[in-house]
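1. Show me the folded form of this:
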Amino acid sequence: MLKIRNARMDDLTELLIIEHLCFSEDEGATKEAFEKRIQLIADSFFVAEMNGVLVGLINGPVIETAYITDDLFNEIKENPISGGHQSVLGLAVTPHFQTRGIAAALLDHLEKVSKEKNRETITLTCKEDLIRFYENHGYENHGVSNSRHGGVTWYNMIKKLS
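-> Below you'll find the model as predicted:
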């Protein structure tokens, strides 16, 4: 059975393993970035557990603008209590557990929490091969992002919540 809960500092080792299975070294979050996110934005950092084993994660700070900027990968601050745009800096599922609805469950959970806190949108960037996945979950493609994170071409994806 799948359980989604807030990330904790004792998840750090497993979070790093999942992140590095799913993203290149240049794209993936560092140990320091995860530590900062767990400390500052635990209210928007969730993990998926299957039978007590971490199999996925989703995280990102609430930001003032509709699009993600590269500085967020290093510098974040605590989330406001309400309003703003919920960003997704990382959504990752262990390869063995992909295509089982875990990423969708994590997105749904983040959306539910974001609506409760009156966020305007959920905003993320993705690679071209994932555009359809996000469109199938109600996100609109806003074209190529200004992000140069990891030296990759990213696309801005936005889901309006109101």
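2. show me the contacts for the residue lying closest to S24 once chain neighbours are set aside.
-> Take S24 and drop its neighbours on the chain: the residue closest to it by C-beta to C-beta, 6 or more residues apart in numbering is G150, 6.2 Å away. Placement of C-beta: from N, CA and C, glycine included. For G150, the contact set (C-beta atoms under 8 Å, 6 or more residues apart in numbering) comprises F23, S24, D26, E27.
3. The protein: strands as residue ranges?
-> 2-6, 45-50, 53-59, 62-63, 85-88, 90-93, 121-126, 140-144, 155-160 (DSSP state E).
4. List of residues touching the shortest one?
-> With contact meaning C-beta under 8 Å, 6+ apart, strand 62-63 is reached by 41, 44, 69, 72, 79-80, 83-87, 117, 119, 123.
5. Just the buried residues of those.
-> Burial by neighbour count, judged by 16 or more other C-beta atoms under 10 Å, picks out I41, S44, L72, N79, G84, H85, Q86, S87, K117, R119, T123 from the contacts of strand 62-63.
6. State the distance from the fourth one to S87.
-> In other words, N79. According to C-beta to C-beta, to the nearest Å, N79 and S87 sit 10 Å apart.
7. hmm, back to that, need the contacts of strand 62-63 in TSV with distance to F97, can you?
-> Shown next, in TSV, are these (distance: C-beta to C-beta, whole Å):
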residue	distance to F97
I41	24
S44	22
T69	31
L72	27
N79	28
P80	33
G83	34
G84	31
H85	28
Q86	24
S87	24
K117	28
R119	27
T123	25
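8. shared neighbours of N79 and S87, anything?
-> With C-beta under 8 Å, 6+ apart as the test, N79 and S87 both reach P61, V62.
9. What is the most widely separated pair among the contacts of strand 62-63?
-> Using C-beta to C-beta, the contacts of strand 62-63 reach their maximum pairwise distance at T69 and K117, which is 21.1 Å.
10. ok, now which ones touch H137?
-> Counting by C-beta under 8 Å, 6+ apart, H137 has contacts A104, L107, K159.
11. just checking, I158 touches T125?
-> No - contact criterion C-beta atoms under 8 Å: I158 and T125 do not qualify, at 10.3 Å.
12. Among the two, which residue is more densely surrounded?
-> T125 (24 against 19; other C-beta atoms under 10 Å).
13. which residues touch N74?
-> N74 touches A33, counting by C-beta under 8 Å, 6+ apart.
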